[in-house]
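1. this is a predicted model, with the sequence first.
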Amino acid sequence: MSSELVLRNVDKIYGAGAVHAVRDLSFTVKPGEITALLGSSGCGKTSTLRMIAGFETVTNGSIALDGKAIHALAPAQRGVAMAFETYSLYPPLTIAENISFALKAQRLGQADVNKRVRDMAEMLEISDVLNKYPSSVSGGQQQRASLGRALVRPAGLYLLDEPMGQLEPQLRAVLRGRIKHYLREHNCTTILVTHDQTEANALADRIAVMEGGVLQQYATPAELKARPANLFVGTFIGEPPMNVFPVEVKDDGQTISFAIAGSEGQSLTYAAGEFPQALRQRLKSETALMLGVRPHAVRIGKEGVKARVITCQWLGDQTHIAAEIAGRTVVSVSHEQIAAKPGESVALSIAGQDLHVFSSGNGAAIAHGAELV
Amino acid sequence: MPHHLELASVSKSFKSNKVLDDISLTADAGEIVVIFGPSGTGKTVLLRLIAGVEEPTTGKISIDGQDMVDVAPEHRDVGMAFQNFALFPHLNAFENIASPLRARSQGDAQVKEGVARVAKLLKIDHVLNHAPRQLSNGQKQRTALARALASSPKLLLLDDPLRNVDAKLRFEMRLELPRLLRQAKSTVLYVTQDYKEAMALADRIAVLNGGKFVQVASPEEIYRHPATVGVARLFGDPTINLAETTVSSDGAIDFAGQKVAIDRSYAMFKDRPVTFGVRPEAVDVKNGGGSGLAAKVMAVTPLNERTVLLLQTSSGAELLASLPSSSAHIPKSESSVSIAFNPNGTHLFDRETGAALRGGRA
């Protein structure tokens, strides 16, 4: 039942060329795969979803489900199940009736329908409101009911638009887990659209990061963290965000050092042997670079770059320490509870393998650790 | 020396609706006290009482030992900033920030200097001649904060100032705010619904629920020793795992049909209906079989620097575990694991009242 979705060179232009919302977008969602379209508002993710659903026409390019072009079909003929924020519940039907309505076409026995609705409601924690009408339940419950209506029926493709935006924080983690398990168990090919990188990371097998209508990178959450294609992706994914500072690189044959701009001579220094020749050659051709480091890779100890602690915040399961170097804030995350006093001087070190080097011109990644891009 | 701010048995009712019920709280000079709670619990009303825009139905509010009952809002030396920014639309950012200084009839040079100082601190010095509508949400929020800080009030009331800014800026401001507030030297009452913000900023957190303070304590005390099951549920992401259970005579608890030994002193609660709680980061997970509780990994959901596992025991009980993402042995989805509980993250609550039950452990 689960289908493969292929977008090829898709453009979306609104008006007479006034707004180019999606540019030359190509990607594939494999059968049973969960893909997140991630980006801030105006990045083109929602236009993309609406073209796949059939609510928007495709200006150029093609969209195919299992090899069959669907972009000219009416929404109802595409075999797609949807939970959209704007695609609301039917007000005169109870929550249970809303969910079972999606099963009408299946011609199932009443007992079977009831069981499926009950199971879905239990998974989404809405069992206690099944007999209520949409107007008398909370926004979060409506959203879960709408999700239930989409997931309860078999479909080649599931489209979920900000499916958990209104979820109560106490339910978020467990529902993310249950929904991910459900989608996998039923081998559902799924596209979810979100602006929330934590949601995308939690649920998706692969994330398509979009900005300005252009696909920036399409990769697994782990890959996006370890090998971001550019500075935009590097800083968009992760909280606390990746630390970024401008550096000048020097290679004297023995050591490679990254001098931190404006820091009065402070630099991160590594044995030249840590980096392969090809990478060293590439770095020689650039003088000014941007260095990116994930917060968990910033170690606080006795040796390293001197920084002044701005704040130390323990959040229960992790400590965030912010320190200042040359007027820039560097954040370090530790899973322990550690104490550091504001104003205190500390030494920060970063392993060579944890460095991300970007071009300071176009922001493209040059190297991740010892690996030349 | 009296407390800088003191609320003594303050209640506030709107007609028959009692919003605040016999609230007492003190704050020392320079202290940051966070008022934390879900929406609709009376947090904003509390700030309005202190500012003097509303009057308490009963009870007393004192600042520096002086009863505020007859003191008009403008004479209380209180600065305020709100979540909806509330900037004057016809004034540019400079004049918005300057307004409390002008109200004190300071000279032009003094006003200029005062505005420049806070604007630099808040990194909005380059947009001072912009009208509010030309500012981004982040800049509006900083402008509102600058206005509250400009007159260096002794008491600063901040009503969820980061609520309407995006996640990135909220994170940045969470790091910057403690330094700003320290430099302002004000006593701060800070309202938020975000537990991370509360823990990050507060010297003490006052947890407000149902019009009453459920617990007033340091962030560490609240996280490690929540007074009630409700407080435990409000702090932590993912939320604490809870299970209704019973304690056997040897102090072990029944968890998902298996006996789990945690703390011998729990034996004193035997025969009492209890709720057992374990923080997700205190659930130790080992790949494969082991001496612990057998479970299956239902889903692996990364959460920033950590990875959250949804686990299911053989009896069907669900449980969340949270591991550092950098940990070398994160189990795969559908794999079998063995789990144990780290006693430092476990709690016992009375099932009826929700109150924490403390064992013999320090």
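-> Nice, I can see it. Residues are numbered from 1 along each chain as shown, chains lettered A, B, ... in the order given.

2. next, the buried residues of stretch B:181-192.
-> Within stretch B:181-192, the residues scored as buried using 16 or more other CB atoms under 10 Å in any protein chain shown are B:181, B:184, B:186-192. The way it works is simple: take the backbone N, C-alpha and C, and place the C-beta from them, glycine included.

3. quickly check: it near chain A or not.
-> Yes. Stretch B:181-192 lies within reach of chain A by CB under 8 Å from any CB of the partner chain, at residue B:182.

4. distance from the chain centre to that stretch, please.
-> Centroid displacement of stretch B:181-192 relative to its chain, using CA atoms, centre = their mean, to the nearest Å, is 14 Å.

5. return that stretch as CSV; C-alpha atoms alone will do.
-> What follows is stretch B:181-192, C-alpha atoms only, in CSV (Å, rounded to 0.1, in the frame of the first residue of the first chain):
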residue,chain,number,x,y,z
LEU,B,181,19.3,41.9,35.1
ARG,B,182,22.4,41.8,37.3
GLN,B,183,23.6,45.0,35.7
ALA,B,184,20.3,46.7,36.3
LYS,B,185,20.6,45.7,40.0
SER,B,186,16.9,45.6,40.3
THR,B,187,14.8,43.1,42.2
VAL,B,188,13.0,41.1,39.5
LEU,B,189,9.7,39.3,39.4
TYR,B,190,9.6,37.3,36.2
VAL,B,191,6.6,35.5,34.9
THR,B,192,6.9,32.6,32.5
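
6. if we can go back for a sec, for residue B:121, state which of the buried residues of stretch B:181-192 is nearest.
-> residue B:184 (8.9 Å; CB to CB).

7. give me the element the spatially closest residue to that closest one that is not a sequence neighbour is part of.
-> With CB to CB, 6 or more residues apart in numbering or on different chains as the criterion, residue B:184 has its nearest non-adjacent residue at 5.1 Å, and that residue is residue B:149. For residue B:149, the element it lies in under DSSP states H and E is helix B:137-150.

8. ok, now residue B:319?
-> Applying DSSP H and E as the criterion places residue B:319 in strand B:318-324.

9. what pLDDT, on average, does the next helix or strand after that strand get?
-> Next helix or strand after strand B:318-324 toward the C-terminus (DSSP H and E): strand B:336-341. In this model, strand B:336-341 has a mean pLDDT of 94.

10. let me see the contact set for whichever residue of the stretch 201-350 of chain B sits closest to chain A.
-> Nearest residue of the stretch 201-350 of chain B to chain A, counting by CB to the nearest CB: residue B:310, 2.8 Å away. Counting by CB atoms under 8 Å, 6 or more residues apart in numbering or on different chains, residue B:310 makes contact with A:173-174, A:176-178, A:180-181, B:297-299, B:301, B:318-320.

11. tell me the bridge partners for it.
-> Counting by DSSP bridges, residue B:310 is bridged to residue B:299, residue B:320.

12. related to what we said a few turns ago, where does confidence bottom out across the buried residues of stretch B:181-192?
-> Within the buried residues of stretch B:181-192, pLDDT reaches its minimum at residue B:184, with 81.

13. returning to what we had before: pick the one among the buried residues of stretch B:181-192 closest to residue B:171.
-> Taking CB to CB as the measure, residue B:171 lies nearest residue B:192 of the buried residues of stretch B:181-192, at 13.7 Å.

14. for residue B:45, see how far away the closest one is.
-> In this view, residue B:192 and residue B:45 are 15 Å apart by CB to CB, to the nearest Å.

15. I'd say residue B:150 and residue B:118 touch.
-> Yes. Counting by CB atoms under 8 Å, residue B:150 does reach residue B:118; the two are 5.2 Å apart.

16. just to revisit the earlier point, among the buried residues of stretch B:181-192, which are in helices?
-> Counted as lying in helices by DSSP state H, out of the buried residues of stretch B:181-192, are B:181, B:184.

17. so which of the buried residues of stretch B:181-192 comes closest to chain A?
-> Using CB to the nearest CB, the buried residues of stretch B:181-192 come closest to chain A at residue B:181, 10.5 Å.
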